[in-house]
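[1] Predicted model and sequence below, questions to follow.
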Amino acid sequence: QEWAALKVLESYKKRAIDDPTALCLPPGVPRVNSVGLFPIQIAQLPDQIIFMYEYMNVFRVVPLNKPHPVDLEPSYLGDSVGHWEGDTLVVDTIGFQGGGGTPGGGRVTKNSHLTERFKLVDGGKTLSVTNTWDDPSVYLKPHTYEMTYHRSDPATYAFEEYCHADDEAQSGSVVQPVQR
């Protein structure tokens with residue numbers, strides 16, 4: 001959509017100002033998955049998968065074989081539910097509050113729908129993730145892209161990492177109040 005393309009350009013020009021992470025707000029999914037400097041720890045339980053992200057100290061709980069709640073409360077990470085298709089974990093996410101972005105600078109609205117397909121490959125050494133975005137209010141057609149993660153040393157795990165909006169070294173820019 002033309003308005004969405006203009007919004008991406010506008011966001012790029014103001015990325016150090018309007019980026020939610022510059023204000024210490026969660027980056028949303030799948031953007032939080034794309035920050036390669038910080039580990040992601042994944043815990044599999046019988047009825048849920050838990051993603052723990054060191055970046056911004058964010059976590060996601062993905063219930064398995066359950067529907068999305070009827071009274072869904074929009075959030076930065078949306079509401080995720082999952083199921084297994086053979087050896088592939090399929091995670092369906094809706095209920096975004098909007099305002100965030102995808103790793104490529106795309107827009108996320110309350111109408112966005114993300115399908116993630118997680119599969120271990122290379123003898124379990126590599127996790128392949130296929131993301132498909134669908135939001136007819138923003139995109140002309142669904143788009144798909146892949147990300148790959150390599151298993152780290154078993155002793156590696158996600159630490160606490162907090163954002164400090166006034167720490168220029170951490171955020172890349174000191175967030176200043178807008179002067180009017």
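    Looks like it arrived, so ask away.

[2] Excluding sequence neighbours, find me the nearest residue to the most centrally placed residue in the chain.
    Central residue of the chain (C-alpha atoms, centre = their mean): V29, 1.6 Å from the mean position. Leaving aside its sequence neighbours, V29 sits nearest to L77 (C-beta to C-beta, 6 or more residues apart in numbering; 5.2 Å). To be clear about C-beta, it is placed using only N, CA and C from the backbone, and glycine gets the same treatment.

[3] Touching, the one you found and N33? I think so.
    No: taking C-beta atoms under 8 Å as the definition, L77 is not a contact partner of N33, at 10.6 Å.

[4] in this protein, which spans are helices?
    Ranges of helices within the chain are 2-13, 15-18, 168-171, based on DSSP state H.

[5] Out of those helices, name the one with the poorest average pLDDT.
    Looking at the helices of the chain, the lowest mean pLDDT belongs to helix 168-171 (a mean of 50).

[6] got the contact list for P63?
    By C-beta atoms under 8 Å, 6 or more residues apart in numbering, P63 lies in contact with D47, Q48, V81, G82.

[7] And D87, how far from V108?
    Plainly put, D87 is 29 Å away from V108 if you go by C-beta to C-beta, to the nearest Å.

[8] Between those two, point out the one with more neighbours.
    Ranked by neighbour count (other C-beta atoms under 10 Å), D87 and V108 place V108 first, with 23 against 9.

[9] pLDDT weak spots in the chain?
    By pLDDT under 70, the weakly predicted segments of the chain are 1, 4, 8, 11-20, 34-37, 98-107, 157, 164-180.
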